[in-house]
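Student: pasting the structure only:
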């Protein structure tokens with residue numbers, strides 16, 4: 001990235017656009033930040049040497065342009081009562097649902113998820129990670145100004161978790177699997193939005209850590225499909241074990257680190273008497289463990305052939321140490337959480 005000043009500029013404006021949306025006190029400022037973020041991410045996605053990346057950039061641009069136009073229309077209509085501020089007192093619920101739908105479309109939440117797996121299929125792993133993590137911050141922050149515990153929010157949360165669980169079962173592309181995993185976690189993030197800003201920021205931080213450690217491994221070995229997991233070298237069985245544990249951690253299985261944010265959300269929702277919602281979320285999320293286990297078995301349990309000669313392990317020692325550290329943190333981090341978060 002540092003060797004390409006243009007890309008560095010786009011990364012800076014990408015972050016600037018998100019910060020403008022997060023720090024804005026009006027819908028017009030939030031929309032402006034989202035547009036700056038969009039126009040910065042499109043050049044990062046495009047690649048003249050890869051027609052799939054260019055196609056993904058075009059799909060992303062058309063979808064985001066549609067969402068931006070709906071958001072601007074909703075904000076202008078809402079301004080008739082509130083002068084562009086984030087206050088929604090007295091505004092019709094249909095208008096709030098319209099603005100929320102445009103933001104859900106921007107972040108790829110169900111049932112507006114149709115573009116996310118196809119776009120991620122054409123991106124490299126670095127851009128896929130940005131799309132799964134950073135690009136959700138601004139829409140989530142703006143949604144938090146609108147959402148309240150009402151049927152519309154409950155339906156969206158259940159749809160995200162169910163579609164994310166079912167959609168990834170029949171996939172062989174690792175990018176599509178991670179896309180449906182992102183949709184599933186988006187449902188948990190939206191449920192955390194109902195609880196407060198600190199809850200969804202905590203969940204988002206843990207999800208970003210787990211996704212980064214997995215994507216770093218996929219990127220370093222240039223893995224794109226499920227059958228390529230057989231090719232992870234047996235010279236580092238500890239790395240394979242940590243990778244397997246990270247998948248279970250991303251699925252929220254105790255006693256791994258990924259269970260902690262889900263535990264916090266479940267405990268807080270139960271405290272507010274959302275028993276039916278919590279039960280549905282937990283049961284539907286179990287579906288994601290199936291394709292996580294399938295990925296883990298392919299990498300760790302099944303036997304595979306190892307070449308006797310070749311270019312050797314292209315995984316540098318520094319990158320291997322960093323990846324192993326992140327994976328170990330996701331697998332064993334729950335043990336040390338009482339020291340870091342004594343309030344829990």
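Tutor: Here it is on my side, so go on. Since the structure is predicted, the reported quantities are computational estimates derived from the model, not experimental observations.
Student: Could you pull out the helices in the stretch 201-344 of the chain for me?
Tutor: Remark: helices assigned in the stretch 201-344 of the chain by DSSP state H, counting those that start in this stretch are 237-250, 259-271, 275-296, 317-340.
Student: most packed of these?
Tutor: Counting by mean count of other CB atoms under 10 Å, helix 237-250 has the highest mean neighbour count of the helices of the stretch 201-344 of the chain, with a mean of 22. Placement of C-beta: from N, CA and C, glycine included.
Student: list the helices and strands it packs on?
Tutor: Helix 237-250 sits against helix 197-221, helix 275-296, helix 317-340, with contacts defined as 3 or more CB pairs under 8 Å, 6 or more residues apart in numbering; DSSP states H and E.
Student: how much does it deviate in direction from helix 197-221?
Tutor: On the basis of axes from the mean of the first three to the mean of the last three CA atoms, to 10 degrees, helix 237-250 is oriented at 150 degrees to helix 197-221.
Student: coming back round to it: would you turn the helices and strands packed on helix 237-250 into JSON lines with distance to residue 171?
Tutor: Shown next, in JSON lines, are these (distance: least, CB to CB, whole Å):
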{"stretch": "helix 197-221", "distance to residue 171": "14"}
{"stretch": "helix 275-296", "distance to residue 171": "7"}
{"stretch": "helix 317-340", "distance to residue 171": "22"}
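Student: Redo those as TSV? Include distance to residue 254 and mean pLDDT.
Tutor: Output for those, formatted as TSV (distance: least, CB to CB, whole Å; pLDDT from 0 to 100):
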stretch	distance to residue 254	mean pLDDT
helix 197-221	14	90
helix 275-296	12	88
helix 317-340	8	69
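Student: Those helices: which one's closest to residue 49?
Tutor: Nearest to residue 49 among the helices and strands packed on helix 237-250 is helix 197-221; the distance by CB to CB comes to 17.3 Å.
Student: mind listing what's buried in the closest one?
Tutor: Of the residues in helix 197-221, 199-200, 202-204, 206-221 count as buried by neighbour count, 16 or more other CB atoms under 10 Å.
Student: so where is the stretch 101-250 of the chain shaky, pLDDT-wise?
Tutor: 230-236, 238 (pLDDT under 70).
Student: buried stuff in stretch 94-113?
Tutor: Quick answer for stretch 94-113 (16+ other CB under 10 Å): 95-110, 112-113.
Student: just stretch 172-182 next, same as before
Tutor: Of the residues in stretch 172-182, those buried (16+ other CB under 10 Å) are 174-182.
Student: and the residue lying closest to residue 134 once chain neighbours are set aside, what does it touch?
Tutor: Counting by CB to CB, 6 or more residues apart in numbering, residue 18 is the residue found nearest to residue 134 once chain neighbours are left out, at 6.7 Å. By CB atoms under 8 Å, 6 or more residues apart in numbering, residue 18 lies in contact with 33, 37, 134, 137-138.
Student: Try it again at 6 Å.
Tutor: 37, 137-138 (CB atoms under 6 Å, 6 or more residues apart in numbering).
Student: Over to residue 209?
Tutor: With CB under 6 Å, 6+ apart, residue 209 has no contacts at all.
Student: hmm, back to that, between the helices of the stretch 201-344 of the chain, which gets nearest to residue 12?
Tutor: Closest among those, using CB to CB: helix 317-340, at 23.7 Å.
Student: how far away is residue 333 from residue 144?
Tutor: Distance, residue 333 to residue 144, using CB to CB, to the nearest Å: 26 Å.
Student: Return the distance of residue 197 relative to residue 164.
Tutor: Applying CB to CB to residue 197 and residue 164 gives a distance of 23 Å.
Student: How is this structure divided into domains?
Tutor: 1-121, 147-344 (automatic domain parsing).
Student: Tell me where the stretch 101-250 of the chain has strands.
Tutor: Shown for the stretch 101-250 of the chain, no strands are assigned by DSSP state E, counting those that start in this stretch.
Student: Hmm, residue 38 and residue 64 touching each other?
Tutor: Yes - with contact defined as CB atoms under 6 Å, residue 64 counts as touching residue 38 (4.9 Å).
Student: Turn the domains of the chain into a markdown table, columns for distance to residue 129.
Tutor: Formatted as a markdown table, the domains of the chain follow (distance: least, CB to CB, whole Å):
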| stretch | distance to residue 129 |
| --- | --- |
| domain 1-121 | 10 |
| domain 147-344 | 5 |
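Student: residues contacting residue 132?
Tutor: 182, 211.
Student: correction: residue 102
Tutor: Residue 102 sits in contact with 67, 70-71, where contact means CB under 6 Å, 6+ apart.
Student: Which of those ranks first by neighbour count?
Tutor: Per-residue neighbour counts (other CB atoms under 10 Å) across the contacts of residue 102 peak at residue 71, which has 25 neighbours.
Student: Give me the nearest residue to it, chain neighbours excluded.
Tutor: residue 102 (4.0 Å).
Student: Longest helix in this protein, by number of residues?
Tutor: When the chain is parsed with DSSP state H, its longest helix is helix 51-82.
Student: Now it: buried residues?
Tutor: For helix 51-82, the neighbour count (16+ other CB under 10 Å) marks 53, 55-57, 59-61, 63-64, 67-68, 70-72, 74-75, 78, 82 as buried.
Student: picking up where we left off before, can you tell me which of the buried residues of stretch 94-113 end up in helices?
Tutor: Reading helices off those with DSSP H, I get 95-107.
Student: from the buried residues of stretch 172-182, which single one is nearest residue 281?
Tutor: residue 181 (15.0 Å).
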